[in-house]
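> Kindly generate the corresponding structure for this input.
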Amino acid sequence: MLHIIECYKKVNKACIKFIKSQETSKEKFKNKEKMIKSFLIPISFWIAKKVEKKKPYIVGLSGGQGTGKTTISSIISIILSKYFKLNVFKISIDDFYKTREERFLLSKKVHPLLMVRGVPGTHDINIMLDSFKKLKGKKFTSIKLPRFNKAIDDRYNKKLWYSVKRRPDVIIFEGWCVGAKAEKNNTLKTPVNSLEKLNDQKLIWRRFVNKQLKSKYKQLYDQLNCLLFIKSKKFSLLRQWRIKQEKKLRLKNKRSNNHKIMSDKEIVNFMQTYQRVTQNMLKNVPKYASIILNLNSNHQIKSVVYNKSK
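Sure thing, here's the model as predicted:
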């Protein structure tokens with residue numbers, strides 16, 4: 001307990017500063033101190049004990065839309081950097097989305113729904129695998145990693161990509177489908193929503209997405225040293241939280257005319273493309289994740305469960 005208090009004193013200011021940067025005049029984080037002290041500092045201690053300086057320790061962090069992945073991963077990164085003096089690099093699977101042009105070509109070749117970013121198959125998996133290989137390599141040299149701009153639904157210019165100049169001790173790899181596993185083929189037949197029922201009657205899109213999880217995404221996720229899962233009570237809550245998230249993005253980009261930020265109705269439709277994989281994750285990921293962060297209906301961490309076998 002003394003270590004927790006000591007750590008909190010050293011990281012509190014930086015953590016609170018970051019949290020406030022994520023707030024709006026209408027949306028404020030509640031119970032900041034409890035979230036940091038009771039949940040995220042102990043998780044950071046758990047991670048720090050696993051780190052070996054010889055090679056990067058890769059932390060997967062997943063959770064549905066709007067669960068707070070960016071906030072939680074950023075605070076853990078601050079704690080590991082400031083208190084444990086570890087070199088931490090944080091990146092989202094979202095930064096590896098294929099370009100609009102690439103998704104357009106994929107939508108013509110395989111299925112129209114693949115124009116919509118999000119599901120496995122819409123990321124550039126080869127860049128991800130190559131990036132992990134370079135980050136873990138014995139002879140590390142500085143590398144550039146992509147950045148994705150959701151406001152324009154396309155990749156940033158290479159001049160604005162992330163630059164990693166020294167090998168990280170810890171890599172936090174976050175994203176909504178990080179750690180997801182394929183489902184059984186016979187479960188794909190029944191549509192989970194109107195989008196699948198109306199737009200994927202021949203199951204082409206569903207089978208394509210599931211095939212991606214069985215192959216290269218499995219190859220990628222097998223490289224994770226541990227998996228943290230932010231679990232919401234139900235999928236319907238994720239819709240509400242994603243709408244709030246988009247409103248924040250809208251406020252940040254209100255001066256720009258070149259953006260593709262979605263309306264509430266568009267978000268509801270957009271979320272349908274995530275529903276199948278997300279619901280499968282809510283059901284199955286807690287069985288194999290290293291740590292499960294359970295959220296209540298008010299979007300706050302209610303409890304944290306450590307899987308001893310992991």
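
> In this structure, where is pLDDT below threshold?
For the chain, applying pLDDT under 70 flags the ranges 249-261, 309-310.

> try 80 this time
The chain contains residues with pLDDT under 80 at 1-2, 24-27, 53, 244-264, 308-310.

> which residues in it form helices?
Using DSSP state H, the helices of the chain run over 2-22, 32-34, 41-50, 69-82, 100-109, 125-136, 194-199, 204-214, 216-221, 235-252, 264-288.

> and the second one, what does it pack onto?
Read it as helix 32-34. helix 2-22 (3 or more Cβ pairs under 8 Å, 6 or more residues apart in numbering; DSSP states H and E). Backbone N, C-alpha and C define where each C-beta goes, glycine included.

> Return the set of buried residues in the helix it packs on.
By 16 or more other Cβ atoms under 10 Å, the buried positions in helix 2-22 come out as 7-8, 11-12, 15, 19.

> a markdown table please, covering the residues you listed and showing distance to residue 26.
A markdown table is the format used below for the buried residues of helix 2-22 (distance: Cβ to Cβ, whole Å):
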| residue | distance to residue 26 |
| --- | --- |
| 7 | 32 |
| 8 | 28 |
| 11 | 27 |
| 12 | 25 |
| 15 | 22 |
| 19 | 15 |
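
> picking that back up, which one of the helices of the chain lies closest to residue 183?
When the helices of the chain are compared by Cβ to Cβ, helix 264-288 sits nearest residue 183, at 5.2 Å.

> Which neighbouring elements make contact with the closest one?
Helix 264-288 packs on helix 194-199, helix 204-214, strand 226-231, helix 235-252, going by 3+ Cβ pairs under 8 Å, 6+ apart.

> Next, name the residue at the spatial heart of this protein.
Centroid check for the chain by Cα atoms, centre = their mean gives residue 175 as the closest residue, at 1.6 Å.

> Now that residue. Nearest residue, chain neighbours left out?
residue 93 (2.9 Å; Cβ to Cβ, 6 or more residues apart in numbering).

> What's the end-to-end length of stretch 23-32?
With Cα to Cα, to the nearest Å as the measure, stretch 23-32 spans 12 Å from end to end.

> Please apply the same query to stretch 213-231.
In stretch 213-231, first residue to last residue: 20 Å (Cα to Cα).

> can you give me how far it is from the chain middle?
11 Å (Cα atoms, centre = their mean, to the nearest Å).

> what comes up buried for that stretch?
213, 216-217, 220-221, 223-231.

> Next, format these as a markdown table and append distance to residue 113.
Output for those, formatted as a markdown table (distance: Cβ to Cβ, whole Å):
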| residue | distance to residue 113 |
| --- | --- |
| 213 | 16 |
| 216 | 19 |
| 217 | 18 |
| 220 | 22 |
| 221 | 23 |
| 223 | 28 |
| 224 | 27 |
| 225 | 33 |
| 226 | 32 |
| 227 | 27 |
| 228 | 29 |
| 229 | 26 |
| 230 | 26 |
| 231 | 26 |
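
> Between which two of these is the distance greatest?
Spanning the widest gap among the buried residues of stretch 213-231 are 216 and 231, at 25.6 Å by Cβ to Cβ.
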